[in-house]
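> When you get a sec, could you give me coordinates for this:
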Amino acid sequence: MKTRCGWVGKEDFYIKYHDEEWGVPVKDDDKQFEFLILETFQAGLSWITILRKRENFRKAFDNFNYKKISKYNEDKIQSLLQNEGIIRNQLKIRATVTNAQAFMKIQEEFGSFTDYIWVFVNNEPVNEKRKNLKEVPVTTEVSDKLSKDLKKRGFKFVGSTVVYAHLQATGLVNDHTIDCFRHDEV
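Numbering: from 1, shown residues only. Just a heads-up that it's a prediction; the model follows:
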């Protein structure tokens, strides 16, 4: 039996997410945006709640197409507020539109969001060697710095905790515990 990080539950889709996605370095803007949106909706909630609704989010938000999302009008926002398959938080829905616009501005300035975000870790995943979940922080100096910069650029719901979760999920930080079989793989 494989040893996994202590936060992984027993549900198959959660195990699959841990084993195949979490902590894998993401160098693709579309995937970066998807995770960023999911992380912003997760603020104040559990990640498993978001994962359970991921496909609903994908459908509701045009497959996380930031170009389309950046142009959402009030009618589209109101329809999202009626969608029972997603988190119907008006501030987070509106922030998604704002974040799509800010995301594209970063692409214009840096060539890609990926090029922008990876600079914060010197273009190399930070390979942590945590023994257990108690050693895993909720924020770091890097997440503080990135959060501050994203906010300065107009992003919403990107506090340091959300940003650190994003860094973990997209593999900029390897926070698989050292006993987890994925630690050395990613």
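> what mean pLDDT does the host helix or strand of residue 167 have?
Assigned by DSSP states H and E, residue 167 belongs to helix 160-169. Taken as a whole, helix 160-169 has a mean pLDDT of 97.
> same for that helix, what does it pack against?
Judged by 3 or more C-beta pairs under 8 Å, 6 or more residues apart in numbering; DSSP states H and E, helix 160-169 is in contact with helix 29-42, helix 141-152. (Each C-beta comes from the backbone N, C-alpha and C, glycine too.)
> Hey, what's the angle from that helix to helix 141-152? Just curious.
110 degrees (axes from the mean of the first three to the mean of the last three C-alpha atoms, to 10 degrees).
> can you give me the helices in this protein?
Taking DSSP state H as the criterion, the chain contains helices spanning 12-20, 29-42, 47-52, 54-60, 66-69, 74-81, 90-110, 113-118, 141-152, 160-169.
> Now distance to residue 135 and mean neighbour count too, for these, in TSV please.
Formatted as TSV, the helices of the chain follow (distance: least, C-beta to C-beta, whole Å; neighbours: other C-beta atoms under 10 Å):
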stretch	distance to residue 135	mean neighbour count
helix 12-20	18	14
helix 29-42	21	22
helix 47-52	19	16
helix 54-60	28	15
helix 66-69	34	18
helix 74-81	38	13
helix 90-110	30	18
helix 113-118	24	20
helix 141-152	16	17
helix 160-169	13	23
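> how about those in CSV, adding distance to residue 184?
As requested, those are exported to CSV (distance: least, C-beta to C-beta, whole Å):
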stretch, distance to residue 184
helix 12-20, 14
helix 29-42, 22
helix 47-52, 23
helix 54-60, 27
helix 66-69, 33
helix 74-81, 41
helix 90-110, 31
helix 113-118, 21
helix 141-152, 22
helix 160-169, 16
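> re earlier: for the helices and strands packed on helix 160-169, which one sits closest to residue 83?
helix 29-42 (12.2 Å; C-beta to C-beta).
> now that closest one: mean pLDDT?
pLDDT averaged over helix 29-42 gives 97.
> what's the answer for stretch 103-110, then?
On average, stretch 103-110 scores 98.
> hmm, who's touching that stretch?
29, 33, 36, 66-67, 70, 113, 116, 153-154 (C-beta atoms under 8 Å, 6 or more residues apart in numbering).
> can you redo the helices and strands packed on helix 160-169 as CSV with distance to residue 54?
CSV is the format used below for these (distance: least, C-beta to C-beta, whole Å):
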stretch, distance to residue 54
helix 29-42, 7
helix 141-152, 22
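> Of those, which is nearest residue 161?
Closest among the helices and strands packed on helix 160-169, using C-beta to C-beta: helix 141-152, at 7.6 Å.
> Check which helices and strands that closest one sits against.
By 3+ C-beta pairs under 8 Å, 6+ apart, helix 141-152 packs against helix 160-169.
> Apply 10 Å and report the result again.
helix 90-110, helix 113-118, helix 160-169 (3 or more C-beta pairs under 10 Å, 6 or more residues apart in numbering; DSSP states H and E).
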